[in-house]
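Let me see the structure of the following:
(one chain, ligands or ions: 1)
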Amino acid sequence: MSKATDIKVKICGIRTPAALAAAAEGGAAFVGFVFHPASPRHLAVEEARTLAAEAPAGLAKVGLFVDPDDAALDAVLSRVPLDILQLHGAESPARVAEIKARTGLPAIKALGVATADDLARARDFAGVADMFLFDAKPAPDAAVPGGTGLAFDWTLLAGLRTRTPWFLAGGLTPQNVAEAIDRTGARMVDVSSGVERSRGLKDPALIHAFLKAARGARAPAENVHGQ
Ligand SMILES: O=C(O)c1ccccc1N[C@@H]1O[C@H](COP(=O)(O)O)[C@@H](O)[C@H]1O
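Numbers count the residues shown, from 1 in each chain. As a prediction, the model looks like this:
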């Protein structure tokens with residue numbers, strides 16, 4: 001069994017200094033800033049710049065984008081010192097590689113999971129994505145492709161074959177995160193809706209509760225299966 005402190009947590013959709021402070025004080029490893037206008041967590045570039053300046057050293061700042069074009073990436077990165085990009089759209093492996101080369105930043109590739117075939121798509125990104133984030137698959141007509149508070153069938157992760165580090169996301173809460181870690185072997189977890197008091201509004205007390213629950217969970221020592 002791994003130590004509780006081995007679990008890394010990303011609090012996504014940070015929009016206020018209070019939420020940022022709660023994430024930092026509670027021991028989050030990553031915070032996510034959403035750059036997707038359809039999302040209730042969308043940040044304008046200058047809002048993100050102000051928040052990023054308040055993030056303590058060692059707290060990785062992740063920029064979440066959905067199928068960004070180069071202009072969208074440049075507009076943010078010219079003003080906001082991000083550490084990692086999260087690509088949460090239908091980006092191809094070639095586009096992920098292109099974005100990494102252009103920005104010089106590592107990339108988390110988010111994959112929507114509803115079936116074993118969805119999970120198998122991770123193979124296509126081997127050697128390209130630095131990390132994966134497995135989230136519930138959005139409905140084809142969904143207005144926003146994530147941050148819905150919906151979970152997927154965690155038993156699908158038993159079929160995962162990857163050496164790329166991965167996050168479990170989708171519908172996690174302070175109440176279920178320890179069970180999720182225990183059942184999936186996740187070493188990294190990501191949450192948005194589950195630490196909000198209303199859609200898009202983070203609750204510092206829920207952020208603290210989530211971090212405490214995640215860090216108190218016990219994950220298997222290894223979550224890497226096969227090649
Ligand atoms: O958070 C959003 O608004 C969002 C918008 C577009 C794509 C992804 C988004 N969020 C990501 O989805 C996961 C899971 O969310 P939840 O915990 O189920 O609400 C979230 O952590 C973000 O990485």
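
how much space is there between the most centrally placed residue in the chain and Val9?
For the chain, the residue nearest the mean C-alpha position is Asp190 (4.7 Å; C-alpha atoms, centre = their mean). Distance, Asp190 to Val9, by C-beta to C-beta, to the nearest Å: 8 Å. For glycine as for every other residue, the C-beta is placed from the backbone atoms N, C-alpha and C.

Spell out, range by range, the helices that occur in the protein.
Secondary structure of the chain by DSSP state H: the helices cover 17-26, 45-54, 70-77, 93-103, 116-120, 177-184, 204-215.

List the buried residues of the shortest one.
If you call a residue buried by 16 or more other C-beta atoms under 10 Å, then helix 116-120 has these buried ones: Leu119.

Same question for the last one.
With burial defined by 16+ other C-beta under 10 Å, the residues of helix 204-215 counted as buried are Pro204, Leu206, Ile207, His208, Ala209, Phe210, Leu211, Ala213, Ala214, Arg215.

Verify the contact between the first one and Ala24 for me.
I take that to be Pro204. No - counting by C-beta atoms under 8 Å, Pro204 does not reach Ala24; the two are 10.9 Å apart.

Now do the shared contacts for Asp190 and Val9.
Residues touching both Asp190 and Val9 by C-beta atoms under 8 Å, 6 or more residues apart in numbering: Phe30.

if we can go back for a sec, ok, the residue nearest to the centre of the chain - contacts?
Contacts of Asp190 (C-beta under 8 Å, 6+ apart): Val9, Lys10, Cys12, Phe30, Gly32, Leu133, Asp135, Phe167, Leu168, Ala169, Leu172.
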